[in-house]
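# only geometry, no sequence info:
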């Protein structure tokens, strides 16, 4: 039996019942996903540094076309299932294994179907030649695409299963394996060797870590045999995956099709150089996107704290990335010199792209927040418009305006400024139709 209520002015005793806020896992999840993407990016960069020291820029252009293409196809066929896993696995209960297994299977089948079709597009002969040509090259491309599609989902599955740092471990293993293979091969490496240095570790890690995710899911399913699952219905699933998948198509096209367009239009030598500096925007954007994507899981667990979580994510995003971008701009030339003397002329283009990356932080955060609360159309439309506009601009870009990488970088910066300003201006007009924490809350009004 409880005692009498305390007097209004009485200080509660230490043993009084208190309500504590649930633990905020967004920081841990966001850092883990960002670290995972960062490790992948660093390992990728080291791979290209080693390769650039071993082969010509033309060979780099051919192999980078192969890599960009399988990353693109894997991104096109992922259906945004990664973020969906973070939204739905926490409430899946005994159906956790089924949700994760079916997601992996859907991605693998889609990759296997789309990969050979992509190779029928004009310009794909560069991709095939990098892998030696013929049916073997097609099979190798499909294998790399399937492996990457599954690996990408494991990162999000580990976060959803409350094992976010397992994704860091898998990227460490994958990156180390790729680098070791290149170091063993040494000088005289051919383009097919570089392709295998990517495809071999990807395939092995997809099997090992994919199985690990399914095993973890099985444990959760068995532990939740008496707990009901709270998964969305088919209509809700399609309403979320459909539009947000379109948005992820935009990201995949932006990251991977842009360097392919440059390679197809201006040749593998120019494309190889541009690919190196384009990695800066891709790495930063992916790491930032992973960081903001962690909101989907924390908002799903604590929807009542959505406003606070979104603002905290923005503050942390800026603190983490702006200083790094400034340092990168200052050290652009010595950083490119690591790849060799053939790449230092790209320092100006790199600085412009880093400025564009800073502007894109606004875009990434705004769209990540929309995705976290299920505003699928609000997430998808800007992503696809930005990607389509960028690709069309590159296709129509007149020759002879100057160094191709620099001209492309200026065009990209201009498009990102327009995108960021448009999102900020239209945010107020969306306030009546989007979820609450995408518009100023009461505490925001008080601060102003």
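Thanks, I have the structure now. Just so you know, these numbers come straight off a predicted model, no measurement behind them. Numbers count the residues shown, from 1 in each chain.

# pLDDT below threshold where in the stretch 51-200 of the chain?
Along the stretch 51-200 of the chain, the model assigns pLDDT under 70 to no residue.

# wait, doesn't residue 101 sit right on residue 214?
Yes - counting by C-beta atoms under 8 Å, residue 101 sits close enough to residue 214 to count as a contact (5.8 Å). Backbone N, C-alpha and C define where each C-beta goes, glycine included.

# Nearest the geometric middle of this structure, what residue?
The centroid of the chain falls nearest to residue 286 when counting by C-alpha atoms, centre = their mean (3.8 Å).

# Pull the distance from whichever helix or strand that residue is part of to the chain's centre.
Element membership for residue 286 (DSSP states H and E) is helix 268-293. Between the centre of helix 268-293 and the centre of its chain there are 10 Å (C-alpha atoms, centre = their mean, to the nearest Å).

# helices and strands around that helix, which ones?
Applying 3 or more C-beta pairs under 8 Å, 6 or more residues apart in numbering; DSSP states H and E, one finds that helix 268-293 contacts helix 26-54, helix 57-76, helix 81-88, helix 258-266, helix 306-330, helix 347-372, helix 404-429.

# Mind putting the ones you listed into TSV with mean neighbour count?
Converted to TSV, the helices and strands packed on helix 268-293 look like this (neighbours: other C-beta atoms under 10 Å):
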stretch	mean neighbour count
helix 26-54	21
helix 57-76	25
helix 81-88	25
helix 258-266	22
helix 306-330	17
helix 347-372	23
helix 404-429	18
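
# weakest of those helices by average pLDDT?
For the helices and strands packed on helix 268-293, the weakest mean pLDDT is recorded on helix 26-54, namely a mean of 79.

# From residue 255, how far out is residue 107?
17 Å (C-beta to C-beta, to the nearest Å).

# Same question for residue 183.
According to C-beta to C-beta, residue 183 and residue 255 sit 27 Å apart.

# Comparing the two, which shows the higher neighbour count?
Between residue 183 and residue 255, counted using other C-beta atoms under 10 Å, residue 255 has the larger neighbour count: 22 against 10.

# What confidence value was assigned to the more buried one?
For residue 255, the pLDDT comes out at 88.

# what about the closest residue to it other than its chain neighbours, how many neighbours?
In this structure, residue 255 finds its nearest non-sequential neighbour in residue 282, 4.9 Å apart by C-beta to C-beta, 6 or more residues apart in numbering. Counted with other C-beta under 10 Å, residues neighbouring residue 282 total 22.

# before we move on, the earlier item: could you check the angle helix 26-54 makes with the helix holding residue 286?
Here the directions of helix 268-293 and helix 26-54 differ by 170 degrees (axes from the mean of the first three to the mean of the last three C-alpha atoms, to 10 degrees).

# Run a quick neighbour tally on residue 211.
12.

# where does the helix or strand where it lies sit relative to the chain's centre, distance-wise?
In this assignment (DSSP H and E), residue 211 forms part of helix 191-223. Distance, stretch centre to chain centre, for helix 191-223: 18 Å (C-alpha atoms, centre = their mean).

# Which residue comes closest to residue 203 once chain neighbours are left out?
Nearest to residue 203 is residue 147, by C-beta to C-beta, 6+ apart, at 4.5 Å.

# host element of the one you found?
According to DSSP H and E, residue 147 maps onto helix 134-160.

# what sits against residue 221?
Contact analysis of residue 221 by C-beta atoms under 8 Å, 6 or more residues apart in numbering lists 93, 94, 95, 96, 97, 98.

# So the third one versus residue 222, what's the distance?
To tie it back to what came earlier, the one meant is residue 95. From residue 95 to residue 222 the distance is 12 Å (C-beta to C-beta).

# Name the residue in these two with the higher neighbour count.
Between residue 95 and residue 222, counting by other C-beta under 10 Å, residue 95 is the more crowded of the two (20 against 11).

# So the more buried one, which state does it fall into?
Look at residue 95: counting by DSSP: H, G, I helix; E, B strand; the rest coil, its state is helix.

# mind starting the numbering at 769 from now?
Sure, I'll start counting at 769 from here, so that last one is residue 863.
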